[in-house]
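> Here is my input, please return the structure:
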Amino acid sequence: MDTIASLFSFITWPVSWVIVQFHKLYGAIFGPDTGWAWGLSIVSLVVLIRICLIPLFVKQIKSTRNMQVLQPKMKAIQERYKNDKQRQSEEMMKLYKETGTNPLSSCLPILAQSPFFFALYHVLSAIASNKKIGVIDQTLLDSARQAHIFGAPLAAKFMNSSEDVAALGASLTDVRVVTAIMIVMMSASQFFTQRQLMTKNVDLTVKTPYMSQQKMLMYIFPVIFAVMGINFPVGVLVYWLTTNVWTMGQQMYVINQNPTPGSKAQDQYLTRLLKSVTTHGEVRGRTRRNTVKRIVAKGPDRNDIERKFVTGLAKLGFAPQEDGAVIKSDTAEAEAESGAAQRRQQPKRQSKAQRQTGVTQPGAKDAGSTTSKTSLQKQDEKSTPDEKSKQDEKPKSPSRASSGSSRQAKSGQRKGPQRPKHPSKK
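Model (predicted):
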């Protein structure tokens with residue numbers, strides 16, 4: 001870890017300078033040697049970095065949206081090459097290249113934070129070794145070594161020996177309890193953030209390599225951070241826990257305000273929007289109007305959730321417009337009611353027993369008997385008097401009772417007239 005951190009030593013000066021500036025602010029409030037002053041300085045560093053990374057986050061959202069637009073094409077490729085996985089992967093990569101979509105864009109914020117993360121690790125390692133680094137002089141170094149967060153020094157690690165921890169003025173038990181709790185919280189926040197993305201903001205009707213990759217990251221990242229966390233100083237754990245909480249809150253906001261089409265989050269969002277239209281009689285807010293505008297523009301390409309939303313508006317007597325607003329429309333309400341009535345009037349499907357016994361549903365017409373009667377009447381009209389007399393002379397078919405009795409015969413007995421036995425077998 002120290003070797004990797006040394007590769008980003010060129011950023012240690014700006015990182016240490018930012019921490020010192022925040023330390024001056026919080027030191028005047030909580031005291032310069034307190035854990036609150038140094039801990040909040042690290043938290044403020046995270047907030048500043050994440051604000052600077054908002055453009056990358058926007059790019060990540062756009063790339064994710066492109067992935068969502070490509071879902072129908074991906075599904076078509078899967079259906080076409082479902083027996084050839086290699087060709088399927090090649091066509092997927094070709095589609096990504098043509099549309100300029102990068103499936104790995106979700107990792108951009110993490111990759112962009114890596115230099116600052118390792119630079120902070122380098123600064124805290126220097127503090128633990130009692131070495132001056134960047135703009136941190138000896139006075140600030142002594143102050144940072146005295147700072148404790150819930151009894152654990154800022155530069156202490158889970159794997160430190162009791163001698164190293166004693167040199168920082170703390171006990172090994174306090175350090176391991178605090179670091180263990182922070183490692184668990186860090187891994188749990190990472191897992192919950194990724195799980196929230198997979199369960200609420202993904203269209204589960206289409207299985208793509210992108211989804212498989214995200215599912216793999218959901219389980220791999222928390223394990224990686226848990227294993228690496230035992231070698232992180234307390235200050236680095238504060239940094240990473242803060243950035244995980246920020247990511248979780250930022251993602252929760254995006255999912256609630258701009259969910260993925262076809263996802264569970266979109267269903268919940270459109271349900272809230274429909275309830276708001278019911279209460280206020282209009283679409284309030286520019287974001288919500290843009291959502292309705294996109295749904296109207298899709299036309300027949302809407303998914304099931306969006307069709308359900310449009311149907312709900314029609315039942316309330318509203319018709320969505322191209323500008324994202326809704327207007328009162330008696331036609332939309334009448335169409336919704338007629339569609340519901342047609343669905344109610346559809347006859348229920350008969351069971352197998354009903355079809356065999358010939359039982360019809362209540363209110364249903366015996367179309368078969370009517371047709372047969374009509375055909376018999378036509379035949380009688382067409383037939384001559386001689387043909388009618390011949391038909392009357394024909395023997396009548398056995399009744400149902402006789403056929404029923406024949407069916408009740410033994411299983412080994414032959415149906416129909418029995419052939420007489422040979423005289424020798426009597």
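
> top helix in this protein by residue count?
In the chain, taking DSSP state H as the definition, the longest helix is helix 172-200.

> Show me which parts of it are buried, residue by residue.
By 16 or more other C-beta atoms under 10 Å, the buried positions in helix 172-200 come out as 172, 174-176, 178-179, 182-183, 186-187, 189-191, 193-194, 196-197, 200. Quick note: C-beta positions are derived from backbone N, CA and C, even for glycine.

> do stretch 21-40 as well
Phe22, His23, Tyr26, Gly27, Pro32, Thr34, Gly35, Ala37, Trp38, Gly39, Leu40.

> now stretch 222-232
The neighbour-count check on stretch 222-232 (16+ other C-beta under 10 Å) flags Pro222, Phe225, Ala226, Gly229, Phe232 as buried.

> Contacts for it next, please.
1, 121, 157-159, 179, 182-184, 186-188, 190-191, 237, 240 (C-beta atoms under 8 Å, 6 or more residues apart in numbering).

> sorry, back to before: with secondary structure and pLDDT as new columns, can the buried residues of stretch 222-232 be given to me in TSV?
Converted to TSV, those look like this (DSSP: H, G, I helix; E, B strand; the rest coil; pLDDT from 0 to 100):
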residue	secondary structure	pLDDT
Pro222	helix	85
Phe225	helix	82
Ala226	helix	86
Gly229	helix	87
Phe232	coil	87
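
> export these to CSV and tack on distance to Met92?
CSV is the format used below for the buried residues of stretch 222-232 (distance: C-beta to C-beta, whole Å):
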residue, distance to Met92
Pro222, 27
Phe225, 29
Ala226, 32
Gly229, 35
Phe232, 37
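
> Show me the two of those residues that sit farthest apart.
Farthest pair in the buried residues of stretch 222-232 (C-beta to C-beta) is Pro222 and Phe232. Separation: 14.4 Å.

> mind checking pLDDT for Thr371?
Looking at Thr371, its pLDDT reads 44.

> just Leu313 next, same as before
Reported pLDDT for Leu313: 90.

> likewise Gln413?
Gln413 is assigned a predicted lDDT (pLDDT) of 50.

> and if you look at the one 4 residues further on?
With respect to pLDDT, Pro417 has a value of 56.

> likewise Gly368?
In this prediction, Gly368 carries a pLDDT score of 45.

> now Leu25
For Leu25, the model assigns a pLDDT of 93.

> Secondary structure element holding it?
Per DSSP states H and E: Leu25 is located in helix 12-30.

> Can you name the residues in contact with that helix?
Contacts of helix 12-30 (C-beta under 8 Å, 6+ apart): 32, 34, 36-38, 40-42, 44-45, 48, 116, 119-120, 122-123, 133-136, 140.

> one more time with 7 Å, if that's ok
36-38, 40-42, 44-45, 48, 116, 119-120, 122-123, 133-136, 140 (C-beta atoms under 7 Å, 6 or more residues apart in numbering).

> okay, and for the stretch 101-250 of the chain, where does confidence drop off?
103-108, 203-214 (pLDDT under 70).

> can you rerun that using 90?
101-138, 141-151, 154-157, 159-170, 190-233, 235-236, 239-240, 243-244, 247-250 (pLDDT under 90).

> all helices of it, in order?
For the stretch 101-250 of the chain, applying DSSP state H, counting those that start in this stretch gives helices covering 108-128, 138-146, 162-167, 172-200, 209-229, 234-257.

> can the ones you listed go into JSON lines with extra columns for distance to Leu70?
Supplementary listing: the helices of the stretch 101-250 of the chain in JSON lines, determined by distance: least, C-beta to C-beta, whole Å:
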{"stretch": "helix 108-128", "distance to Leu70": "18"}
{"stretch": "helix 138-146", "distance to Leu70": "49"}
{"stretch": "helix 162-167", "distance to Leu70": "52"}
{"stretch": "helix 172-200", "distance to Leu70": "18"}
{"stretch": "helix 209-229", "distance to Leu70": "9"}
{"stretch": "helix 234-257", "distance to Leu70": "19"}
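
> now for these, which one comes closest to Met93?
helix 209-229 (9.3 Å).

> how far off helix 138-146 does the strand or helix carrying Ala37 point, in degrees?
In the assignment (DSSP H and E), Ala37 maps to helix 35-52. Between helix 35-52 and helix 138-146, the angle comes out at 100 degrees (axes from the mean of the first three to the mean of the last three C-alpha atoms, to 10 degrees).

> thinking again about what came up before, only the buried subset of the contacts of helix 12-30, as a PyMOL command please.
In PyMOL, a selection of the buried entries from these looks like this (16+ other C-beta under 10 Å):
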select buried, resi 37+38+40+41+42+44+45+116+119+120+122+123+133+134+135+136+140
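
> just to revisit the earlier point, of the buried residues of stretch 222-232, which is the nearest to Asn244?
Closest to Asn244 out of these is Phe225 (8.6 Å), distances taken as C-beta to C-beta.

> distance of the closest one from Val177?
As judged by C-beta to C-beta, to the nearest Å, Phe225 and Val177 stand 19 Å apart.

> for Val234, same thing?
12 Å.

> and what of Thr12?
As judged by C-beta to C-beta, Thr12 and Val177 stand 30 Å apart.

> just Lys82 next, same as before
Distance from Lys82 to Val177, by C-beta to C-beta: 53 Å.

> again, but for Arg307
54 Å.

> Could you point out which residue ranges in the stretch 301-426 of the chain have low pLDDT?
Applying pLDDT under 90 to the stretch 301-426 of the chain flags residues 301-304, 306, 315-319, 321-426.

> one more time with 70, if that's ok
Residues of the stretch 301-426 of the chain that meet the cut-off, pLDDT under 70, sit at 330-426.

> still on that earlier bit, dump the C-alpha coordinates for the helix holding Ala37 into PDB.
The C-alpha trace of helix 35-52 is given here as PDB (Å, rounded to 0.1, in the frame of the first residue of the first chain):
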ATOM      1  CA  GLY A  35     -10.200  14.700  16.900                       C
ATOM      2  CA  TRP A  36     -13.300  16.700  15.800                       C
ATOM      3  CA  ALA A  37     -11.100  19.300  14.200                       C
ATOM      4  CA  TRP A  38      -9.000  16.800  12.200                       C
ATOM      5  CA  GLY A  39     -11.800  14.400  11.500                       C
ATOM      6  CA  LEU A  40     -14.100  17.200  10.200                       C
ATOM      7  CA  SER A  41     -11.200  18.400   8.100                       C
ATOM      8  CA  ILE A  42     -11.000  15.000   6.300                       C
ATOM      9  CA  VAL A  43     -14.800  15.000   5.900                       C
ATOM     10  CA  SER A  44     -14.700  18.500   4.300                       C
ATOM     11  CA  LEU A  45     -12.000  17.300   2.000                       C
ATOM     12  CA  VAL A  46     -14.300  14.500   0.800                       C
ATOM     13  CA  VAL A  47     -17.200  16.900   0.300                       C
ATOM     14  CA  LEU A  48     -14.900  19.200  -1.700                       C
ATOM     15  CA  ILE A  49     -13.600  16.400  -3.900                       C
ATOM     16  CA  ARG A  50     -17.100  15.000  -4.600                       C
ATOM     17  CA  ILE A  51     -18.400  18.500  -5.600                       C
ATOM     18  CA  CYS A  52     -15.500  18.700  -8.100                       C
END
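
> Good, wrapping up.
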